[in-house]
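Q: With the sequence up front, the predicted model follows.
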Amino acid sequence: MKIDDMLASKPQPVAAVARRLRAIVREELPDAEENLYGGKAVQNVLYSLGGTNNVVCGLQPSQKGYCIFYLHHITAEDSQVLELEGKGGGNRHVKLSEVDDEGEQELRRLIQLAKQRAG
């Protein structure tokens, strides 16, 4: 399955957010590998640098009206703008039903921080 095919099966508002997030990531990480994982119910798109084991970020469109955006090498303290969730050692996520200008700027900053920390 291709990413565009996967997004076509999601609710239009969620697909629109996922497409915007994908565009942001591709602008911020032009050399990243983009890989689709998962099955019929849940799919993730992961972006990695220098091999699939060095994930920087990812997205997961849901059927619940939002898209989950994952940031690796990031902690909750790294953002005062987005409500980052999760308890992993250095991975957080945010649930987005839209991407406003302030949120986009913060995502871009966090992606660059995650890239820097990923090495």
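A: Sure, I can see it.
Q: after the helix or strand of the chain with the lowest mean pLDDT, next one along is what?
A: Taking mean pLDDT, DSSP states H and E as the measure, helix 3-8 is the helix or strand of the chain with the lowest mean score, a mean of 88. Downstream of helix 3-8, the next assigned helix or strand under DSSP states H and E is helix 12-28.
Q: Show me what that next one is packed up against.
A: helix 3-8, strand 33-38, strand 43-48, strand 55-61, strand 67-72, helix 101-118 (3 or more C-beta pairs under 8 Å, 6 or more residues apart in numbering; DSSP states H and E). Quick note: C-beta positions are derived from backbone N, CA and C, even for glycine.
Q: how about it: buried residues?
A: By neighbour count on 16 or more other C-beta atoms under 10 Å, the buried set for helix 12-28 is Val14, Ala15, Ala16, Val17, Ala18, Arg19, Arg20, Leu21, Arg22, Ile24, Val25, Glu28.
Q: Can you name the residues in contact with it?
A: Contact partners of helix 12-28, identified using C-beta atoms under 8 Å, 6 or more residues apart in numbering, comprise 3, 7-8, 10, 32, 34, 45, 47, 57, 59, 61-63, 65-67, 69, 96-99, 104, 107-108, 111-112, 115.
Q: my read: Gly58 touches Thr52, true?
A: No: between Gly58 and Thr52 there is no contact under C-beta atoms under 8 Å: 11.3 Å.
Q: which one of the two has more residues nearby?
A: The residue with more neighbours, out of Gly58 and Thr52, is Gly58; 22 against 11, by other C-beta atoms under 10 Å.
Q: who's the more buried one bridged to?
A: As for beta bridges, Gly58 partners with Leu46, Tyr70 under DSSP bridges.
Q: Which one, of the helices and strands packed on helix 12-28, ends up nearest to Lys87?
A: Nearest to Lys87 among those is strand 67-72; the distance by C-beta to C-beta comes to 13.4 Å.
Q: Please name every helix or strand in contact with that closest one.
A: Using 3+ C-beta pairs under 8 Å, 6+ apart, the elements in contact with strand 67-72 are helix 12-28, strand 55-61, strand 91-96, helix 101-118.
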